[in-house]
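Trainee: sequence first, then the predicted structure, then my questions.
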Amino acid sequence: MEIDLNADIGEGFGSYTMGDDEALLRIISSTNIACGFHAGDPVIMDKTVRLALMHGVDVGAHVGFPDLMGFGRRQMQCDAGDLSSYVLYQLGALAGMASAAGARVTHMSFHGALGNMAAADYELAEPLVRTVANFNPDMIISVSTNTQIERAANKFGLKVATTFLADRAYTDDGELVPRKLPGAVIKDRSLVLQRVKRLLDDGVITSITGNKLPIRVQSILLHGDTPGAVENALAIRNEIESGNGRIVPISRMTKLN
C-alpha cells in the first residue's frame with residue numbers, strides 16, 4: 001500500500017512562527033504551504049519551498065480567505081469572481097516562489113472556512129476549481145472525500161487526492177466537526193494513532209459519535225499548528241512503515257481519483 005503523508009505548514013507571519021516546519025519536512029512526503037492570505041508571507045513562502053525541495057517533499061498551495069487576523073477560519077461573504085481572483089493570486093505567488101527555487105507546485109488545497117464553504121456548496125466550488133484548472137490542468141486537488149470540491153474537480157478533469165485529517169473529528173455524514181465544538185481537534189496522540197491504524201487496517205474512520213464510516217483515501221493530513229504535530233507525524237509514519245506501507249508524495253502516487 002502506498003499513501004501520502006501531508007501537513008499544512010508555512011503558517012507564520014513576519015516575526016511570528018507557527019509550528020516546527022523544519023522538523024515536519026523531515027517526516028512528511030507532501031506539504032500545503034500558506035500563500036500569504038490566511039498566513040505566510042513572501043519570506044516564509046520562499047524559505048518553506050526551498051526546505052521542501054531540500055527534503056524531497058512535494059510543494060502544494062494552501063489557499064484561503066484574506067483573513068490574517070482570523071487565520072482564515074472565519075467565513076467571509078465574497079463575490080465568487082473575487083474569490084476566484086484570490087485563488088489565482090495565491091496559486092501564482094507560490095508557483096513563482098517554486099519556479100525560482102527550481103521546484104514546482106504539484107497540488108493545492110483550500111484552507112479553513114473557504115475550504116469548508118466550497119466543500120458544502122457546488123455553486124461556490126465550481127468557479128474556484130475552474131480557476132485551478134485554468135491555472136494548471138495538471139494540478140492535483142487535495143480534499144476530503146464526498147465534497148462538492150471533489151465533484152467540481154471531476155467536471156474539470158483534475159485529479160483528486162482524497163485526504164483523511166488525522167487530527168480532526170468527523171461527523172456521521174463524513175464532514176469535519178466545526179472547530180468551535182468540543183472534540184473537533186484531536187490532541188491525544190494515542191487517539192490520533194488509533195484512528196490512523198483503523199483506517200489502514202479496516203478502511204474506516206470513527207465519527208465523533210462512534211459510528212464507523214468507510215473511507216478510501218490517498219493522503220493522511222496533519223495540521224502543523226496543532227500541538228504535538230511533529231510527534232504525531234513521526235508516530236504515523238512509523239505506523240505506516242511498520243505495516244509494510246510505503247509513503248509516497250502526492251505527485252508520485254499511481255492511484256488517484
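Mentor: That came in fine, so what should we check first?
Trainee: what are the ranges of the helices in the stretch 51-200 of the chain?
Mentor: 80-101, 112-120, 122-135, 148-155, 189-202 (DSSP state H, counting those that start in this stretch).
Trainee: for the fourth one, packing partners?
Mentor: Applying 3 or more C-beta pairs under 8 Å, 6 or more residues apart in numbering; DSSP states H and E, we find helix 148-155 packed against helix 112-120, helix 122-135, strand 140-143, strand 160-165. Any C-beta I mention is one placed from the backbone N, CA and C, and that applies to glycine too.
Trainee: could I have the CA atoms of the longest one written out in CSV?
Mentor: Taking only C-alpha atoms (Å, rounded to 0.1, in the frame of the first residue of the first chain), the coordinates of helix 122-135 have been written out as CSV:
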residue,chain,number,x,y,z
TYR,A,122,-21.2,23.3,-5.6
GLU,A,123,-22.1,26.8,-6.8
LEU,A,124,-19.0,28.1,-4.9
ALA,A,125,-16.7,25.1,-5.6
GLU,A,126,-17.2,25.2,-9.3
PRO,A,127,-15.7,28.6,-10.2
LEU,A,128,-12.9,28.1,-7.7
VAL,A,129,-11.9,24.7,-9.1
ARG,A,130,-12.3,26.1,-12.7
THR,A,131,-9.7,28.7,-11.7
VAL,A,132,-7.4,26.0,-10.6
ALA,A,133,-7.9,24.0,-13.8
ASN,A,134,-7.3,27.1,-15.9
PHE,A,135,-4.1,27.9,-14.0
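Trainee: starting at the chain centroid, how far to that helix?
Mentor: Relative to its chain's centre, helix 122-135 lies at 17 Å (C-alpha atoms, centre = their mean, to the nearest Å).
Trainee: equivalent analysis for the third one, please.
Mentor: Using C-alpha atoms, centre = their mean, we find the averaged C-alpha position of strand 140-143 to lie 8 Å away from the chain's own average C-alpha position.
Trainee: average model confidence for that strand?
Mentor: Per-residue pLDDT over strand 140-143 has a mean of 96.
Trainee: what's the answer for the first one, then?
Mentor: The average pLDDT for helix 112-120 rounds to 93.
Trainee: among the helices and strands packed on helix 148-155, which is the most enclosed?
Mentor: Most buried of those by mean neighbour count (mean count of other C-beta atoms under 10 Å) is strand 140-143; its value is a mean of 28.
Trainee: would residue 3 count as being in a strand?
Mentor: Yes. Judged by DSSP: H, G, I helix; E, B strand; the rest coil, residue 3 forms part of a strand.
Trainee: check what pLDDT it gets.
Mentor: pLDDT, residue 3: 94.
Trainee: and if you look at the one 10 residues further on?
Mentor: We have a pLDDT of 96 for residue 13.
Trainee: and for residue 193?
Mentor: Value for residue 193, per-residue pLDDT: 89.
Trainee: wait, doesn't it sit right on residue 236?
Mentor: Yes. Counting by C-beta atoms under 8 Å, residue 193 touches residue 236, with 6.7 Å between them.
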